[in-house]
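**Student:** What would the 3D arrangement of this be:
(one chain, ligands or ions: 1)
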Amino acid sequence: MLQQTQVTTVWPYYNNWMRDYPTISHLAAAEQDQVLKSWEGLGYYSRARNLHRGAKFVMDEFGGALPVTVTELLEVPGIGPYTSAAIASLAFGETIPLIDGNVLRVFARLTRLKTNITLTKTRSDISLELAKLIPLKYPAAFNQGLMDLGRAVCTPRNPDCANCPINQTCEANQAGDMEDYPVKPQRKSIPHYHIVVGLIRRDQKLLIQRRPENGLLGGLWEFPGGKIEKGELGEAALLREIKEETGLDIDLGWEIGTINHAYTHFKITLTAWFCDWISGEAQRFAATENRWVYMDELKDYALPKANNKILDILAK
Ligand code: SF4
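**Tutor:** Modelled structure (predicted):
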């Protein structure tokens, strides 16, 4: 949960998660819809799907006991190099370096590293260097100490070098150019998309569609719609998108409202409309499933945050 997400955001989700899935077997036995619902609002939904898949794998292949070594942990779906090293080192004391953003920053400043830290090669070189330093007796304390140093002292802006326990050996501190490290490539500008979606009414029910498993917001349910093309009006885009996504003919009703939402690699401005079904049976050209549901049933489905923001407008 903490990958890409802050502790304060994660805290209530973590408590609810541990209440609902206290053991690996509880998680493995849950339905995927229930798991996604528990994750709703936390983002990066592949993490929830991977945890669920991983729990099933551990039940099937390891009799429900989480493996303790990096080699075996890497067999579990969803557990990659970082997570396997974190579990093996912090929970089971395996002597293996742990590389996160905080550790990279400390190491890059300590050595005034000139290479781009986003490159895999740079990270594996740093891992090799740290492997020479990690003490056999206290690997978890070493890893946790470096991560905490980066989080609390060697911060991205205004590092507290005066109170840093390794300031005497830190090359960037000696040179006074701490904030020049780590070296990263220039950030590209984030694209901004304008989206329009329809809450299509038929017999008091609304149409929702399930997104494909793989990809952004995989497995979540959403109102049909899509991007407004350049030079296109929102209403025209909605009619076109609904036809392309569902095959339905609709009448435009009224505009519910507009919200803004930011994902990691792009931003959206989303406008939602109430629409009325005229004819046709709902197809699922890009979606994996269609469902007509009553408004008060929507709370039982895991929806993307942007869709929930529209429901918040309606609730007001
Ligand atoms: S001395 Fe400053 S730059 Fe160097 S590791 Fe410590 S906090 Fe970071």
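**Student:** mind listing the strands in the stretch 201-316 of the chain by residue range?
**Tutor:** Here the stretch 201-316 of the chain has its strands, by DSSP state E, counting those that start in this stretch, at 205-210, 221-222, 225-227, 249-262, 267-279, 289-294.
**Student:** Quick one, which of those strands gets closest to residue 105.
**Tutor:** Comparing the strands of the stretch 201-316 of the chain by their distance to residue 105 (C-beta to C-beta), the top pick is strand 249-262, with 23.7 Å. Every C-beta, even on glycine, is put in place using the N, C-alpha and C of the backbone.
**Student:** Next, the angle strand 267-279 makes with that closest one.
**Tutor:** 160 degrees (axes from the mean of the first three to the mean of the last three C-alpha atoms, to 10 degrees).
**Student:** so how far is strand 249-262 off the chain centroid?
**Tutor:** 26 Å (C-alpha atoms, centre = their mean, to the nearest Å).
**Student:** Neighbouring strands - and their directions - for that strand?
**Tutor:** Partners of strand 249-262 in the sheet, by DSSP bridges, are strand 267-279 (antiparallel).
**Student:** which residues sit against the partner strand?
**Tutor:** If you take C-beta atoms under 8 Å, 6 or more residues apart in numbering as the criterion, strand 267-279 is touched by 190-202, 207, 223, 225, 234-235, 238, 242, 248-262, 306, 309-310, 313.
**Student:** Can you say which of those are buried?
**Tutor:** 194-201, 207, 223, 225, 234, 238, 242, 248, 250, 252, 256, 258-259, 261, 306, 309-310 (16 or more other C-beta atoms under 10 Å).
**Student:** I am assuming residue 84 contacts residue 68, so please confirm or correct that.
**Tutor:** No. Between residue 84 and residue 68 there is no contact under C-beta atoms under 8 Å: 10.5 Å.
**Student:** Can you name the residues of the chain that neighbour the ligand?
**Tutor:** 106, 109-110, 153-154, 159-161, 164, 166-167, 170, 172-173, 178 (C-beta under 6 Å from any ligand atom).
**Student:** Among the residues you listed, which are located in strands?
**Tutor:** Among the residues of the chain next to the ligand, no member is found in strands (DSSP state E).
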